[in-house]
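Engineer: I would like to see how this sequence folds:
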Amino acid sequence: MKRLLIIAIIFSSLFIFNGTSHASQNNQLIIINKSTNELAFFDHNQLVKTFPIATGRTDSLTPEGTFKIVNKIKNRPYYKDGIPGGDPQNPLGDRWLGLDARGTYGTTYAIHGNNNPNSIGKYVSAGCVRMHNEDVRWLFEQVILEAKVIITHSDQDFSTLALSYGYQSMHFFQADQDLTVYDNRKGFLEKVGTLYKGQVYPFVSTSGNWHKIQFGKIEAFVYAPATSVITDVKVANLNNKKLNSTRTITPMNDAVVYDNTSGSLVPFATLSKDISYPIVADYGPNWYEVVVAGRVGYIYKISTDRSKKYFKTNETVSVYDNSTGTLVKVGELVEGQVYQIYSDYGNWHQIEFGNGYGYVYKLATSVADSSNLKNINTNYTNSGKTFKTINDAMIYDNSSGSLVPFARITNGEIYPIVSDYAPNWYRVLVAGRVGYIHKKDVEQG
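Structural biologist: Presented below is the predicted three-dimensional model:
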């Protein structure tokens with residue numbers, strides 16, 4: 001009987017969770033402040049972006065109150081003067097977000113573009129809200145139908161205004177254990193990521209046993225009883241203005257997301273293998289900037305790059321450095337091992353070697369795949385520490401449980417360390433692979 005009761009409780013919890021998650025919840029808000037001629041866009045309990053605008057020539061022309069976006073039109077003609085939609089002379093620009101104001105239904109009052117960018121910031125319209133064309137195009141893609149629009153005249157800031165109109169403020173929880181992040185859009189719980197024990201995250205709402213969080217471009221769920229709701233919040237990398245681009249990444253393996261606001265890389269989330277996820281932007285040559293669970297983080301590019309190619313060594317081959325303009329041997333790759341190609345240059349494979357690149361002669365290699373390669377680097381980066389080899393020092397792969405040699409660094413070379421590994425080893429990166437070098441073969445630089 002007790003077992004049946006437990007099953008019933010779990011089933012009930014999942015039923016509630018599944019039902020509420022499919023409901024369409026409008027969590028967007030636009031506030032237009034005629035006092036400053038600015039428009040603010042809120043989404044998922046956050047102020048996302050503000051824009052300069054133009055409003056009515058007189059105070060009464062642009063209506064004040066609470067309205068909704070009731071239609072979205074691209075290239076609306078300017079019927080009064082017979083100007084076609086999309087024409088550069090069209091005073092409506094090329095985007096129209098219609099409002100249900102003063103007894104009209106998106107036909108008279110709207111947020112739209114313009115044909116005179118110098119008018120933005122001024123009181124010049126016949127009642128509509130004008131925006132720069134590039135701004136209204138962005139807003140058009142973000143805002144949904146039925147989104148609430150408040151037009152007012154106030155000296156308060158936008159966050160205070162939103163609160164005064166009942167817009168829900170952000171809530172936070174601390175993870176009491178590592179939390180699985182679930183997507184249930186397919187009708188079942190699919191793992192899409194992990195949040196880390198001890199870290200703090202904002203959440204949108206709670207339903208039953210589940211917190212709803214923003215995860216990329218979707219709303220996902222974590223198990224609420226494994227968290228503690230908190231009010232004294234200090235999250236240095238909380239997202240306030242970063243926006244997802246249209247680009248996405250797909251991790252080859254579970255990929256760690258780091259917070260770097262402390263000056264060190266602190267992991268706070270993981271994106272699951274094979275799950276498509278939007279990025280904000282490139283961040284230098286090696287990182288993507290992302291927003292995960294309301295926080296700004298960074299993910300190592302190599303963990304998501306499926307275009308990487310690999311080669312197998314047909315014999316033990318030398319690795320050369322040509323940074324001085326001359327080929328200088330700096331290491332070797334072991335016969336029969338597989339390595340990642342960074343780029344190709346004529347008869348040479350370019351590989352990642354230390355803090356730079358090495359070059360391997362192609363004719364001593366053959367094309368390979370990485371399906372059996374267990375030590376591909378997806379998370380590690382070089383630290384600021386280095387060592388100097390005191391002999392030709394072997395690099396080992398230990399992913400099989402045994403030490404398998406796969407590379408060698410030439411005597412006298414200075415090479416970067418990823419980290420210490422137990423008392424006798426350093427962790428290093430060679431040609432896209434994670435390896436280990438014995439401390440007896442080196443002296444720390």
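Engineer: residues near Lys374, how many?
Structural biologist: Around Lys374 there are 12 other residues, counting by other C-beta atoms under 10 Å. Any C-beta I mention is one placed from the backbone N, CA and C, and that applies to glycine too.
Engineer: ah, wrong one, I meant Lys273
Structural biologist: Around Lys273 there are 14 residues (other C-beta under 10 Å).
Engineer: quick one: residues contacting it.
Structural biologist: The neighbours of Lys273, taking C-beta atoms under 8 Å, 6 or more residues apart in numbering as the test, are 251-255.
Engineer: out of the residues you listed, which sit inside helices?
Structural biologist: Secondary structure from DSSP state H places none of the contacts of Lys273 in helices.
Engineer: between the residues you listed, which is closest to Lys329?
Structural biologist: Using C-beta to C-beta, Met252 comes nearest to Lys329 of the contacts of Lys273, at 31.5 Å.
Engineer: check whether that closest one really touches Lys301, as I assumed.
Structural biologist: No - the pair Met252 / Lys301 is not scored as a contact, 11.2 Å apart, by C-beta atoms under 8 Å.
Engineer: circling back: only the buried subset of the contacts of Lys273, as a PyMOL command please.
Structural biologist: Buried residues within these, by 16 or more other C-beta atoms under 10 Å, are selected in PyMOL with:
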select buried, resi 251+252+254+255
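Engineer: now, among the contacts of Lys273, which is nearest to His211?
Structural biologist: Using C-beta to C-beta, Asp254 comes nearest to His211 of the contacts of Lys273, at 21.3 Å.
Engineer: ok, that closest one touching Ala269?
Structural biologist: No - counting by C-beta under 8 Å, Asp254 stays clear of Ala269, with 10.4 Å between them.
Engineer: joint contacts of those two?
Structural biologist: Residues touching both Asp254 and Ala269 (C-beta under 8 Å, 6+ apart) are Thr194.
Engineer: past the lowest-mean-pLDDT helix or strand in the chain, which element shows up next along the chain?
Structural biologist: Every helix and strand of the chain was ranked by mean pLDDT, DSSP states H and E. The lowest is helix 2-21, at a mean of 39. For helix 2-21, the succeeding helix or strand toward the C-terminus, using DSSP states H and E, is strand 28-33.
Engineer: and that next one, which residues are buried?
Structural biologist: Buried, per 16+ other C-beta under 10 Å, within strand 28-33: 28-33.
Engineer: equivalent analysis for stretch 175-189, please.
Structural biologist: 175, 179-184.
Engineer: stretch 383-400 now?
Structural biologist: Neighbour-count burial for stretch 383-400 [16+ other C-beta under 10 Å]: 386-387, 389, 393-397.
Engineer: from Pro251, how far off is the most centrally placed residue in the chain?
Structural biologist: Geometric centre of the chain, nearest residue: Val290, 1.9 Å, by C-alpha atoms, centre = their mean. Per C-beta to C-beta, to the nearest Å, Val290 is found 11 Å from Pro251.
Engineer: quick check: neighbours shared by those two?
Structural biologist: Shared contacts of Val290 and Pro251 (C-beta under 8 Å, 6+ apart): 271, 277, 299.
Engineer: can you pick the most crowded of those?
Structural biologist: Neighbour max across the shared contacts of Val290 and Pro251 (other C-beta under 10 Å) = Leu271, 28 neighbours.
Engineer: could you pull out the helices in the stretch 151-300 of the chain for me?
Structural biologist: 158-164 (DSSP state H, counting those that start in this stretch).
Engineer: where in it is pLDDT low?
Structural biologist: The model of the stretch 151-300 of the chain has pLDDT under 70 over residues 168-169.
Engineer: follow-up on the earlier one: make TSV from the contacts of Lys273 and add distance to Asp369 to it.
Structural biologist: Converted to TSV, the contacts of Lys273 look like this (distance: C-beta to C-beta, whole Å):
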residue	distance to Asp369
Pro251	18
Met252	12
Asn253	15
Asp254	20
Ala255	20
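Engineer: specify which member of the contacts of Lys273 is nearest to Asp441.
Structural biologist: Nearest member of those to Asp441, counting by C-beta to C-beta, is Asn253, at 29.5 Å.
Engineer: hmm, that closest one is touching Thr378, no?
Structural biologist: Yes - counting by C-beta under 8 Å, Asn253 touches Thr378, with 5.1 Å between them.
Engineer: helices or strands up against the host helix or strand of Ile437?
Structural biologist: Per DSSP H and E, Ile437 falls inside strand 433-438. Applying 3 or more C-beta pairs under 8 Å, 6 or more residues apart in numbering; DSSP states H and E, one finds that strand 433-438 contacts strand 393-397, strand 404-409, strand 425-430.
Engineer: what comes up buried for that strand?
Structural biologist: For strand 433-438, burial by neighbour count (16+ other C-beta under 10 Å) applies to 433-437.
Engineer: which of those residues sits closest to Pro416?
Structural biologist: Taking C-beta to C-beta as the measure, Pro416 sits nearest to Ile437 out of the buried residues of strand 433-438, at 11.3 Å.
Engineer: nice, that's everything, thank you.
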